[in-house]
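> here you go, sequence then predicted model.
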Amino acid sequence: MKKSLISSLIAACLGCALASPLPADAADKPVVRTSAQPCLHGMELWHAEKAGWLKDAPFASEFLFFPSGAPQTEALAADQWDCGAMGTVPTMMASMRYGYKLIGISNDESETNDIWVRPDSPLLKTRGANPDYPDIYGTPEDWKGKKILGPTVSTGHYALSATLHALGLSDKDVDIVHMELGQAMTAFNAGEGDIIVLWAPQSYMAEARGWKKVSSGTAAKAIIAGGIGVRREFAEKHPDLVVDWLDVYMRGVEMMKNDPAGSVEPLLSYFNDYCGLELSRDMVEKEFKYRYLFDVNEQIAAMEDPARLPAWLRGVADFMLEQGRISQKEYDRYAQANFHIDPSFMKKLAERRAAAR
């Protein structure tokens, strides 16, 4: 059944998610409530159901759909879902406030959290005003006072703040107006605002409209890693079920990593038929160009390397502390807990797969 993004936004504002009904043959299986967004990292369990991967799985998946990380995190706090994927910022907030366990990396989305202007923007006249950041457009004076539309306390906002820092500015030097992506795109298309913060796949829609990218997480040297995670209580009560779920999720990740051409149609169907977007095939092909996907061994290596995932999360925590969204005490507790990174489930998956060979 097709669900529009507008309906999703309404549902999220009412404090609930759009949930797909359980299949008829799932009655005797334990249920894992899977949360997702209209992003590449939300497709895996949706596709698993369509492709028949769950028929022999020891669990059934109830699929819950959210427009962005903020309502997804609120639903987690209300114990409405068990496993899923979110961006870096909501993953951090869920971990810090609710003990959410980070058990994997959905993708490196640094390039696909980006910032756009209209083609007549003065920002486009200058590129590399700070030579250390050659792919950021505009001078500090160009950016000052600009009205920027987009979701605050998000991975896109993190990319924006990193961009401003690269230019010697801060959030206080611009006017940031919080809007969910659909609302922001409608407003920007109607002439409101000077700059818009987006992430894929909406970024590809922006490009198709002729808007111009002026920065991204990559351009601002902010590594943004999407998180795969699990509700703490669920992980403690059902550790083997978490590994079962992770096995299916990683099958979807590895499908896209190893066969990007063959994965275009499933992802296109997820975006258009389920999420209610209107993307072309060439837009979806860009997902596999701009996002790096990690296999199981790469996941474990990145989680255990202090210079990689822990360092990337520290950058996000620094951003949230600067924003005043978290306290120094929360920051310190989060860092001391190694950012709630838990590679044990991915390790168990690796061991299980090795034993099955």
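Okay, I see it.

> show me where pLDDT drops low in the stretch 1-150 of the chain?
Residue ranges of the stretch 1-150 of the chain with pLDDT under 70: 1-27.

> strands of that one, residue ranges please.
18-19, 31-36, 60-65, 83-86, 101-108, 113-117, 147-150 (DSSP state E, counting those that start in this stretch).

> so which of the ones you listed gets nearest residue 260?
Distance to residue 260, taken as Cβ to Cβ, is lowest for strand 101-108 among the strands of the stretch 1-150 of the chain, at 12.4 Å. Using the backbone N, CA and C atoms, a C-beta is placed for each residue, glycine as well.

> just give me how far the closest one sits from the chain centre.
Chain-centre distance of strand 101-108: 10 Å, with Cα atoms, centre = their mean, to the nearest Å.

> ok, residues contacting it?
In this structure, residues lying in contact with strand 101-108 by Cβ atoms under 8 Å, 6 or more residues apart in numbering are 40-41, 85, 91, 95, 223-232, 235, 242, 246, 249-250, 253, 291-294, 299, 302-303, 309, 313, 339-346.

> quick one on the thing from earlier: looking at the strands of the stretch 1-150 of the chain, spot the one closest to residue 167.
Across the strands of the stretch 1-150 of the chain, residue 167 has its closest neighbour in strand 113-117 (11.8 Å, Cβ to Cβ).

> direction included, what does the closest one pair up with?
Sheet neighbours of strand 113-117, with direction, are listed as strand 195-199 (antiparallel), strand 212-216 (antiparallel) (DSSP bridges).

> with just CA atoms, put it into CSV.
C-alpha atoms of strand 113-117 as CSV (Å, rounded to 0.1, in the frame of the first residue of the first chain):
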residue,chain,number,x,y,z
ASN,A,113,23.8,15.5,4.2
ASP,A,114,24.1,18.7,2.2
ILE,A,115,23.2,22.4,1.8
TRP,A,116,21.6,24.0,-1.2
VAL,A,117,20.8,27.4,-2.7
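
> for the remainder of this discussion, apply numbering that starts at 75.
All right, first residue 75 from here; so that's strand 187-191.

> list the contacts of it.
161, 197-198, 211, 222, 229-230, 232-234, 237, 268-273, 277, 280, 285-291, 298.

> same deal with stretch 164-172?
Taking Cβ under 8 Å, 6+ apart as the rule, stretch 164-172 contacts 142-144, 146-147, 150-151, 160, 174-176, 227-228, 300-301, 303, 305-306, 387, 390-391, 394, 399-400, 404, 407-408, 413-414.

> filter those down to just the buried residues.
Neighbour-count burial (16 or more other Cβ atoms under 10 Å) is assigned, among the contacts of stretch 164-172, to 142-144, 146-147, 150, 160, 174-176, 227-228, 300-301, 303, 305-306, 387, 390-391, 394, 400, 404, 408, 413-414.

> can you count the residues close to residue 368?
24 (other Cβ atoms under 10 Å).

> so it sits in a strand?
No. Counting by DSSP: H, G, I helix; E, B strand; the rest coil, residue 368 is not found in a strand; it is coil.

> burial of the residue lying closest to it once chain neighbours are set aside, as a residue count?
What sits nearest to residue 368 in space, not counting adjacent residues and going by Cβ to Cβ, 6 or more residues apart in numbering, is residue 179, at 5.1 Å. Other residues near residue 179 come to 28 when the count uses other Cβ under 10 Å.
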